[in-house]
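In: with the sequence up front, the predicted model follows.
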Amino acid sequence: MGKQHRKFNSEESFVKFLKSRYGVQKDEELEQLKSIDLAYTQMVTLPAEVGYLTNLESLKLHSSRVVHLPPEIGQLNNLRYLDLCASRVMKLPPEIGNLNKLQTLDLQSSVLTELPPEIGKLSSLNLLKLGNSRVETIPGEVNQLANLKTLDLGYSTNLPQNLKHFVHVEALKLNSAYFEDLPIEVCELVNLKTLDLSQANITSLPPEIGQLTNLEVLDLSYTKITTLPPEIGQLKHLHTLKLQCSRLIAIPPQIGHLTNLQTLDLGKTKVAKVPPEIGQLSQLQSLSLNSTLIEALPRDIWGVTELKFLNLNSTDIERLPPEVGHLTKLESLHMHATWVEDLPDEITNLINLKHLELSHSNLIILPDEMGKLENLKSLGLQKTKIDRLPLSLGNLEKLVVIDISHTNIKGIPKELEHLPGLKFWRPAPKNKKNNSSYRPRVTKKPNYAPKGVELDVIVHLKTENHQEIEQAKRTLVLFIGELGFSIKREKGSDSIPK
């Protein structure tokens, strides 16, 4: 049985293989060959013999030196994936339109300056990657691509003209784009359901963003956006809004108009206040406010009874009100590194709670009736001031982990010893030094990612290219942010690291 995938390192070896197999009656190797990898090869021209591979489904020319595609490329009737990313192909032949089974066309970082009209014949195409390419304008024929649902323009410096022809596109990726202003033409793609602007250089959204009334997912994480326009409230179908690690400082009251919103991530921003209109988000299930400047939550938030995930890690919140007991569908409550000293008795109303994280907080005591949280699986108490566990925890048969390391708890109550599968993270021996690489801040003062560890970071890049340096900075912030840390600000600066 022949191989389904082959990798070739030179044009000579590729042509030799094709000529040796073509003409052989019922050649199994050619019939079974599904994938050809010519990435990083030195060949300049793709040989015409490639047309022999009529069963080929994947052709990779990534970063190759091929500058010409032969007309015979159109004979690959079963081709589904064509990778020309970072290649030197100057022009797509008209025969490209014969690939009626092609599903993915990758032209990222290519030197192409135009797309042929025949691209409109790719009836099965559902993903087109044009990010950081040199394509200047989009031919009107792309409006025939009824199955093209995803357009990837990530890492682009400029966008091609006539994006409006992508009338069927539902997902647009502009992640890590270098432009600061979102082109108005993007807002004309009224069928968009997903708009990814993560890590882009944009500083604001135009009012026309309100035209995207079918939008369901908007990702603005790691951008330079400081505010949202009031028109954001017109996105009635939006169910996911990501703003984590952006430069956002305020949330407009129009946020309350997003009645279908299910996920709102504001983590690691400089937001200091949540507007009371958040109480109108009746479908909200996940809310992340970690590492913000928030000191208290509006009373209205406790009416969002669909909430399942609430992240308040590293905030200046000092207490939870009794109304927290209204969130009976809550499954995860994270209050790591907060100023909370105790919990209201109403916390025991959260019968669906599975994960309760209170580590590094000022917690002194837990309610005696914690045993009512019948679905609780994990309880984080690391480095709190607590010195005893409620005996009622012995009723929690689903409890798997209790972290009591670096607390004043001396022993484990007998009532908890019978629980099947329960594991304790116990205090470290006294002769061992505590790991101080991740600790809560000891002074109460505003800061970016206020309770994260601050790091002095010096990055040495062997390049003077501004774009490469900026991209390295964004990647570094992303990586360090995922670890839960923050980059130390310059002295006298109140800005979030770029």
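Out: Sure, I can see it.

In: low pLDDT regions in the protein?
Out: 1-3, 10-11, 19-29, 427-498 (pLDDT under 70).

In: how about a cut-off of 90?
Out: 1-33, 41-53, 410-498 (pLDDT under 90).

In: how does it divide into domains?
Out: 319-442, 454-487 (automatic domain parsing).

In: I'd say residue 190 and residue 212 touch.
Out: Yes - the pair residue 190 / residue 212 is scored as a contact, 6.6 Å apart, by Cβ atoms under 8 Å. C-beta coordinates here come from the backbone N, C-alpha and C atoms, glycine included.

In: mind checking which of these two has more residues around it?
Out: Counted by other Cβ atoms under 10 Å, residue 190 and residue 212 do not tie: residue 212 has more neighbours, with 24 against 12.

In: ok, and the closest non-adjacent residue to the more buried one?
Out: residue 192 (5.3 Å; Cβ to Cβ, 6 or more residues apart in numbering).

In: now do the SS call for that neighbour.
Out: coil (DSSP: H, G, I helix; E, B strand; the rest coil).

In: count of residues packed around it?
Out: 23.

In: which residues sit in contact with it?
Out: 169-172, 212, 214-215 (Cβ atoms under 8 Å, 6 or more residues apart in numbering).

In: at 10 Å what do you get?
Out: By Cβ atoms under 10 Å, 6 or more residues apart in numbering, the contact set of residue 192 is 151, 166, 169-172, 186, 211-218.

In: do the same with residue 37
Out: Shown in contact with residue 37 (Cβ under 10 Å, 6+ apart): 5-9, 58-62, 64, 83.

In: one more pass at 7 Å, please.
Out: 7, 60 (Cβ atoms under 7 Å, 6 or more residues apart in numbering).

In: that one pairs with what?
Out: residue 7, residue 60 (DSSP bridges).

In: can you tell me how far it is from residue 5?
Out: 7 Å (Cβ to Cβ, to the nearest Å).

In: give the full set of residues in contact with residue 108.
Out: 85-86, 129-133.

In: and it, which of the three is it?
Out: coil.

In: what's the spacing between residue 361 and residue 288?
Out: Look at residue 361 and residue 288: by Cβ to Cβ, they are 17 Å apart.

In: quick one, strands of the stretch 201-350 of the chain?
Out: 217-219, 240-242, 263-265, 286-288, 309-311, 332-334 (DSSP state E, counting those that start in this stretch).

In: just put these in TSV and tack on mean neighbour count and distance to residue 326.
Out: Shown next, in TSV, are the strands of the stretch 201-350 of the chain (neighbours: other Cβ atoms under 10 Å; distance: least, Cβ to Cβ, whole Å):
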stretch	mean neighbour count	distance to residue 326
strand 217-219	21	28
strand 240-242	20	23
strand 263-265	21	18
strand 286-288	21	14
strand 309-311	20	12
strand 332-334	20	13
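
In: adding distance to residue 105, write these out as TSV.
Out: Below are these laid out as TSV (distance: least, Cβ to Cβ, whole Å):
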stretch	distance to residue 105
strand 217-219	23
strand 240-242	27
strand 263-265	31
strand 286-288	35
strand 309-311	38
strand 332-334	41
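
In: of those strands, which is nearest residue 178?
Out: Within these, the stretch nearest residue 178 is strand 217-219; the backing value is 16.9 Å (Cβ to Cβ).

In: what sits up against that closest one?
Out: 193-198, 238, 240-242.

In: how about a cut-off of 8 Å?
Out: By Cβ under 8 Å, 6+ apart, strand 217-219 touches 175, 193-198, 235, 238-242.

In: just those now: which is nearest residue 321?
Out: Distances from residue 321 to those, taken by Cβ to Cβ, are shortest for residue 241, at 25.3 Å.

In: thought the closest one was touching residue 265?
Out: Yes - with contact defined as Cβ under 8 Å, residue 241 reaches residue 265; the gap is 7.3 Å.

In: count the neighbours of residue 105 for me.
Out: If you count neighbours by other Cβ under 10 Å, residue 105 ends up with 23.

In: what's the first helix or strand after whichever strand or helix holds it?
Out: Mapping residue 105 onto the secondary structure by DSSP states H and E places it in strand 104-106. Using DSSP H and E, the helix or strand that follows strand 104-106 in sequence is strand 127-129.

In: how far is whichever helix or strand comes after that next one from where the chain is centred?
Out: Downstream of strand 127-129, the first helix or strand assigned by DSSP H and E is strand 150-152. Remark: strand 150-152 is offset 16 Å from the chain centroid, using Cα atoms, centre = their mean, to the nearest Å.

In: what is strand 150-152 packed up against?
Out: strand 127-129, strand 171-173 (3 or more Cβ pairs under 8 Å, 6 or more residues apart in numbering; DSSP states H and E).

In: strands paired with that strand, and their directions?
Out: Here, using DSSP bridges, strand 150-152 pairs with strand 127-129 (parallel), strand 171-173 (parallel).

In: contact partners of it?
Out: If you take Cβ under 8 Å, 6+ apart as the criterion, strand 150-152 is touched by 108, 126-131, 166, 169-173.

In: how about a cut-off of 7 Å?
Out: So strand 150-152 is in contact with 126-131, 166, 169, 171-173, going by Cβ under 7 Å, 6+ apart.

In: list just the nearest of those to residue 326.
Out: For the contacts of strand 150-152, the minimum distance to residue 326 (Cβ to Cβ) is 36.0 Å, reached by residue 171.

In: which residue ranges of this structure form helices?
Out: 11-21, 28-32, 466-482 (DSSP state H).

In: re the thing from before, pull out the buried residues from the contacts of strand 217-219.
Out: Among the contacts of strand 217-219, those classed as buried by 16 or more other Cβ atoms under 10 Å are 175, 193-198, 235, 238-242.

In: now these as TSV including distance to residue 257?
Out: TSV is the format used below for those (distance: Cβ to Cβ, whole Å):
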residue	distance to residue 257
175	26
193	18
194	20
195	18
196	22
197	21
198	23
235	8
238	10
239	14
240	16
241	12
242	18
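
In: nearest to residue 324 among the residues you listed?
Out: residue 241 (23.2 Å).

In: mind listing what the closest one touches?
Out: Contacts of residue 241 (Cβ under 7 Å, 6+ apart): 218, 261, 264.

In: what do you get for residue 362?
Out: Contacts of residue 362 (Cβ under 7 Å, 6+ apart): 339-341, 385.

In: just to revisit the earlier point, columns mean neighbour count and distance to residue 323 on top of the helices and strands packed on strand 150-152, output as a markdown table?
Out: A markdown table is the format used below for those (neighbours: other Cβ under 10 Å; distance: least, Cβ to Cβ, whole Å):
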| stretch | mean neighbour count | distance to residue 323 |
| --- | --- | --- |
| strand 127-129 | 21 | 46 |
| strand 171-173 | 20 | 38 |
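
In: including distance to residue 421, could those strands go into JSON lines?
Out: JSON lines is the format used below for those (distance: least, Cβ to Cβ, whole Å):
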{"stretch": "strand 127-129", "distance to residue 421": "44"}
{"stretch": "strand 171-173", "distance to residue 421": "42"}
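
In: residue contacts, residue 66?
Out: The contact partners of residue 66, by Cβ under 7 Å, 6+ apart, come to 43-46, 87-89.

In: ok so, going back, taking the contacts of residue 192 together, which two end up most distant?
Out: The most widely separated members of the contacts of residue 192, counting by Cβ to Cβ, are 151 and 213 (18.9 Å).

In: which of these two has more residues huddled nearby?
Out: Using other Cβ under 10 Å as the criterion, residue 151 and residue 213 rank with residue 151 on top: 24 against 12.
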